[in-house]
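S.K.: here's a sequence, model it:
(2 chains)
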Amino acid sequence: MFGFREVVTPALEYAEVLEEPKLRDSSFKLFDPDNQMLLLRPEMTTPIARLAAQSLAGSPTPYRLSYALPVYRRSSVGRGQSAEFHQAGVEVVGSGSPAEDAGTIALLVDVLQTLGLHAPDDFAVVLGQSAFYGGFLRHAAPEAAPRILSALAAKDLVRVDELSRDLTAEVGAAVREIPRLVGPAADGSVLDEAARYAGGAAGGEAMAALENLREVLAHLDAHGCLGAAILDLGLIGRRDYYTGVVYEVYASGLGFTVANGGRYDNLLHRFGKDLPATGFAISLERLISILPHEEMSPLLVLAGESVEATRAANRLRSSGVPVLQLAEDLPPDDASRYARSVGAAWICYPASGDDDALKLARAESNGEFFLVTPDGVAGEVLS
Amino acid sequence: MSGLRVAVPKGAIFEDALRALGGAGLPVGVLRENGRRLIYEANGTEFIISRPSDVPVFVEYGAADVGIVGKDVLEEQEPNVVELRDLGTGACRMILAAPAANAAEVEEAIDRAEVVRVATKFPRTARRYFEGRGRQAEVIALHGSIELAPLVGLADCIVDLTATGTTLRENDLVVFDEISTSTARVIANRGAYRLKNREISTLLDAMQPEGALRG
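M.R.: Predicted coordinates:
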């Protein structure tokens, strides 16, 4: 639907590939025969950037790449969290257009909705622009900017308030209020307030960032998924490499992000290429934990190891019924317990003495058997 | 009413927390019933009561939307939560102290970069403090009665929280450095802060002891 090509990268990367201290700390490390340090990749964005800069050089940009691969992180001792988990995502490398940012966000929303989640009740994409607040600070309060940004990165708004008190009243108010601007993207008030706070003191970088955010929102509107987005101008992204739009997906009832992404225009510098890029990663384990329970599949367990049973199974399959033939003559209670364990809604036996009849029952406990023809089974099971 | 689940800490800042939440119009009366229940519901707001050090855990995992907790606990645990407001109450200090009899000796040992043994309920805070001074310390983590440790030779000094200093004086301990000061903070889960932003902002605005600041 969106034209992405799936790629696979090695699980092992040279340690120099990653520069973010937190990611390096959380990585498993090993040494190759030349004593070079290797890492088990702790995330996918950097390996994809390396792949795009090195292996794809020469082919026309933009590269639209997708992946679904395991990543590895050392979890804190004793927390019992898995050290291996799966990420699926896309990266668009070689385009700086806000249409690509919006396009990847729309794809993310599409994926979540296809899986049965609905915005804004089940999930929301929280959207920020890391260059807006940073740009404003570098222009209006250059000396305090690094300390304020590091307080905000730690999500310590109390510290941001404290630091703002040393600034002039107007700049101080903007420093305090901009990171607290949160609201539905569909209503324009968050951006209007941001523009008002930044006011005359904003500087070119911040105003360009705000304009960029407006364009992304216009494209999201055209994709029909503006309603899934919440703006948060205090969101600056937890990786140092984000340079523009950043976003995190939250689901109601789950305290952690389900997916996150954003624009990282400088990351490919590290690999000798000057290519802007944007993309996201979904944490598959967390996604699965919030998915609605699926309906029982129309699978049928046919119990019996006789030739008649095999023939019946074959005949049912040819009429479109998915059949798991359990080649054991199990009593109905055990057969239905087995059926429930594999998510099958029905159990079935060949009727003794009648080639053209089957005994069918629901796999719930105490399901009543009734006699049907093989074609009748398809009608019952697939309806 | 608010649709939020609020984590309230037992102990020293329990009353401060109730005053702040009650001042914001939340029905906190149910929490004063002195029952043994751990979860209360009133007018659409749920309250859970937990140990202070567990409040950030409930909030980080999203089991509570917001919570009230001392800055000392946040500095020790560094949870991934949004820190929204300083309530200004429950003020206390994180201090380094040693028995009066050998305080000078311990201070000198630290100055000479000897490895001292320090007992504390806040091992990460203690380690960070000594690392910040370029010193190494053997940190012994205890769960209570920290003041006892140097009196019986378990440790040379302690890193602990004190509000009035009474317990320190009674055990003949003297403070020789202040590591940080702490007050009660309002924290929120990262997801709830965005998904229930209106409810949380309303609560914060109503709590406003620092009203002057927002203008």
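S.K.: confidence score at residue 181?
M.R.: Since you didn't name a chain, this refers to chain A. Here, the pLDDT recorded for residue A:181 equals 94.
S.K.: right idea, wrong chain: chain B
M.R.: Taken from the predicted model, the pLDDT recorded for residue B:181 is 93.
S.K.: give the contact list for it.
M.R.: In this structure, residue B:181 makes contact with B:71, B:91-94, judged by Cβ atoms under 8 Å, 6 or more residues apart in numbering or on different chains. C-betas here are computed from N, CA, C, even on glycine.
S.K.: which one of the residues you listed is nearest residue B:194?
M.R.: Residue B:194 has its nearest neighbour among the contacts of residue B:181 in residue B:71, at 23.2 Å by Cβ to Cβ.
S.K.: for the residue lying closest to that closest one once chain neighbours are set aside, name its beta-bridge partners.
M.R.: Distance criterion Cβ to Cβ, 6 or more residues apart in numbering or on different chains; nearest residue to residue B:71, sequence neighbours excluded, is residue B:182 at 4.1 Å. Beta-bridge partners for residue B:182, by DSSP bridges, are residue B:92.
S.K.: who's in contact with residue B:182?
M.R.: When contacts are counted by Cβ under 8 Å, 6+ apart, residue B:182 is found next to B:70-72, B:75, B:90-94, B:161.
S.K.: pick out the lowest-pLDDT one from those.
M.R.: The member of these with the lowest pLDDT is residue B:90, at 87.
S.K.: before we move on, what SS does it have?
M.R.: Local secondary structure at residue B:90 is given as coil here, using DSSP: H, G, I helix; E, B strand; the rest coil.
S.K.: same question, residue B:167
M.R.: With three-state DSSP as the criterion, residue B:167 was assigned helix.
S.K.: do a quick rundown of the strands in chain B.
M.R.: Defined through DSSP state E, the strands belonging to chain B, from first to last, are B:5-9, B:39-42, B:45-50, B:66-70, B:82-86, B:92-99, B:116-120, B:137-141, B:157-162, B:173-182, B:184-188.
S.K.: what number of residues lie near the residue lying closest to residue A:197 once chain neighbours are set aside?
M.R.: Leaving aside its sequence neighbours, residue A:197 sits nearest to residue A:174 (Cβ to Cβ, 6+ apart; 4.1 Å). Residue A:174 has 26 neighbours, counted by other Cβ atoms under 10 Å in any protein chain shown.
S.K.: can you check residue A:343 too?
M.R.: The tally of other residues near residue A:343 (other Cβ under 10 Å) stands at 13.
S.K.: close enough to count as contact, it and residue A:299?
M.R.: Yes. Between residue A:343 and residue A:299 a contact is recorded at 6.5 Å, counting by Cβ atoms under 8 Å.
S.K.: find the nearest non-adjacent residue to residue B:32, please.
M.R.: Taking Cβ to Cβ, 6+ apart, and ignoring the residues beside it in sequence, residue B:32 has residue B:18 as its nearest neighbour in space, at 7.1 Å.
S.K.: so what's that neighbour up against?
M.R.: Shown in contact with residue B:18 (Cβ under 8 Å, 6+ apart): B:8, B:28, B:31-32.
S.K.: residue 173: how many residues sit nearby?
M.R.: Reading this off chain A. For residue A:173, the number of neighbouring residues by other Cβ under 10 Å comes to 17.
S.K.: try again with chain B
M.R.: 25.
S.K.: which one is it nearest to, not counting chain neighbours?
M.R.: In space, residue B:173 comes closest to residue B:97 once its chain neighbours are excluded; the distance is 4.4 Å by Cβ to Cβ, 6+ apart.
S.K.: gap between that neighbour and chain A?
M.R.: Residue B:97 sits 27 Å away from chain A, taking Cβ to the nearest Cβ, to the nearest Å as the criterion.
S.K.: does the nearest residue to residue A:235 once chain neighbours are set aside sit in a helix, a strand or a coil?
M.R.: Using Cβ to Cβ, 6+ apart and skipping the chain neighbours, the partner closest in space to residue A:235 is residue A:128 (3.1 Å). Under three-state DSSP, residue A:128 falls in the strand class.
S.K.: what pLDDT is listed against residue A:128?
M.R.: Listed pLDDT for residue A:128 reads 95.
S.K.: what number of residues lie near it?
M.R.: The burial count assigned to residue A:128 is 27, neighbours taken as other Cβ under 10 Å.
S.K.: thought it was touching residue A:242?
M.R.: No. The pair residue A:128 and residue A:242 fails to qualify as a contact (Cβ under 8 Å) at a distance of 9.2 Å.
S.K.: what residues are up against residue 174?
M.R.: I'll assume chain A. Contacts here follow Cβ under 8 Å, 6+ apart; on that basis residue A:174 touches A:136, A:140, A:197-199, A:201.
S.K.: to clarify, I was referring to chain B.
M.R.: B:97-100, B:103, B:168.
S.K.: if we go to 10 Å?
M.R.: Neighbouring residues of residue B:174 by Cβ atoms under 10 Å, 6 or more residues apart in numbering or on different chains: B:95, B:97-101, B:103-104, B:106-107, B:165, B:168.
S.K.: now list the buried members of those residues.
M.R.: Of the members of the contacts of residue B:174, the ones counted as buried by neighbours, 16 or more other Cβ atoms under 10 Å in any protein chain shown, are B:95, B:97-99, B:103, B:106-107, B:168.
S.K.: so residue A:5 versus residue B:27, what's the distance?
M.R.: In this view, residue A:5 and residue B:27 are 57 Å apart by Cβ to Cβ, to the nearest Å.
S.K.: more crowded one of these two?
M.R.: Shown here are residue A:5 and residue B:27; by other Cβ under 10 Å, residue B:27 has more neighbours (17 against 10).
S.K.: if we can go back for a sec, and the residue nearest to residue B:71, how close does it get to chain A?
M.R.: On the measure of Cβ to the nearest Cβ, residue B:182 and chain A end up 12 Å apart.
S.K.: now swap in residue B:172 and tell me
M.R.: 36 Å.
S.K.: show me what contacts the spatially closest residue to residue B:25 that is not a sequence neighbour?
M.R.: Closest residue to residue B:25 apart from its sequence neighbours, by Cβ to Cβ, 6+ apart: residue B:206 at 5.6 Å. Going by Cβ under 10 Å, 6+ apart, residue B:206 touches B:2, B:20-21, B:23-26.
S.K.: again, but for residue B:51
M.R.: With Cβ under 10 Å, 6+ apart, residue B:51 has these contacts: B:9-11, B:57, B:73.
S.K.: which among these gets closest to residue A:97?
M.R.: Of all these, the one with the least separation from residue A:97 (Cβ to Cβ) is residue B:57, at 42.3 Å.
S.K.: the closest residue in space to that closest one that isn't next to it in sequence: neighbouring residues, count only.
M.R.: Once flanking residues are discounted, residue B:57 sits nearest to residue B:79: 7.1 Å by Cβ to Cβ, 6+ apart. Using other Cβ under 10 Å, residue B:79 has 20 neighbouring residues.
S.K.: same deal with residue A:380?
M.R.: Around residue A:380 there are 16 other residues, counting by other Cβ under 10 Å.
S.K.: and the contacts of the helix or strand that contains it?
M.R.: Assigned by DSSP states H and E, residue A:380 belongs to helix A:374-382. For helix A:374-382, contacts defined as Cβ under 10 Å, 6+ apart pick out A:298-300, A:302, A:311-312, A:314-316, A:318-323, A:344-346, A:348, A:355-358, A:360, A:362, A:370, A:372-373.
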